[in-house]
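*Asks:* Have a look at this prediction, sequence included:
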Amino acid sequence: MPDRSTPSVVVVDDEEMVSTALRTFLELETPYDIRDFTSPREALDALGRRPADVVVADFMMPELDGVEFLREVRATWPRTSRILLTGYADIQNAIRAINEAGLYYYLQKPWDNEHLKLVVRNGVERSTLVNELDARISALEDVNKELLEARERLIKMFL
């Protein structure tokens, strides 16, 4: 099992050749843990066991389309960067994906490998920064709570 500190990317495309090509490229060109699936339902199950920093999903899939799949990813793992990969340059579906799935990036097939690598890297960085921000906000809230409690104790001492 990969080190949990290593960022992970999940690729979901119902065409095995595409899924394998994406996984192989990303394994060779990035330091990330790459998992690929041809079934969006299997990918959701796997994400339930081990979330990912980035999810790249095809738009046209038989079980769930890419927007529906990414909407489910967003509902459960909102900090995961979601990328939709599509062979259709359809502005309406792009807007739907952005609005419904909180899309991080809309990428068209055929993709440029260097661009894909950049988008995935930036998606990992985005997820990492969001997680760090959440941790810092939580720490600040804890400190603020402690200060308020200390203030209340001091007030009670002097009243």
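*Replies:* Looks like it arrived, so ask away. Numbering: from 1, shown residues only.
*Asks:* Check which helix or strand the nearest residue to Leu44 once chain neighbours are set aside maps to.
*Replies:* Nearest residue to Leu44, sequence neighbours excluded (CB to CB, 6 or more residues apart in numbering): Glu72, at 6.0 Å. Where you see a C-beta, it was placed from the backbone N, CA and C, and this is true even at glycine. Secondary structure assignment for Glu72, by DSSP states H and E: helix 66-76.
*Asks:* Flag every buried residue along that helix.
*Replies:* Going by neighbour count (16 or more other CB atoms under 10 Å), the buried part of helix 66-76 is 66-67, 69-74.
*Asks:* report the angle between the axes of the host helix or strand of Val9 and helix 66-76?
*Replies:* Assigned by DSSP H and E, Val9 belongs to strand 8-12. Here strand 8-12 runs at an angle of 150 degrees relative to helix 66-76 (axes from the mean of the first three to the mean of the last three CA atoms, to 10 degrees).
*Asks:* Adjacent strands (with direction) for strand 8-12?
*Replies:* Neighbouring strands of strand 8-12 in its sheet, by DSSP bridges, are strand 33-37 (parallel), strand 54-58 (parallel).
*Asks:* that older thread, turn the buried residues of helix 66-76 into JSON lines, including pLDDT.
*Replies:* Below are the buried residues of helix 66-76 laid out as JSON lines (pLDDT from 0 to 100):
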{"residue": "Gly66", "pLDDT": "90"}
{"residue": "Val67", "pLDDT": "90"}
{"residue": "Phe69", "pLDDT": "95"}
{"residue": "Leu70", "pLDDT": "95"}
{"residue": "Arg71", "pLDDT": "94"}
{"residue": "Glu72", "pLDDT": "95"}
{"residue": "Val73", "pLDDT": "96"}
{"residue": "Arg74", "pLDDT": "95"}
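*Asks:* can I get those residues in TSV with distance to Arg121?
*Replies:* Putting the buried residues of helix 66-76 into TSV (distance: CB to CB, whole Å) gives the following:
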residue	distance to Arg121
Gly66	21
Val67	24
Phe69	22
Leu70	19
Arg71	24
Glu72	24
Val73	19
Arg74	21
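*Asks:* Next up, the contacts around Arg23.
*Replies:* Listed by CB atoms under 8 Å, 6 or more residues apart in numbering, the contact set of Arg23 reads 11, 34-36.
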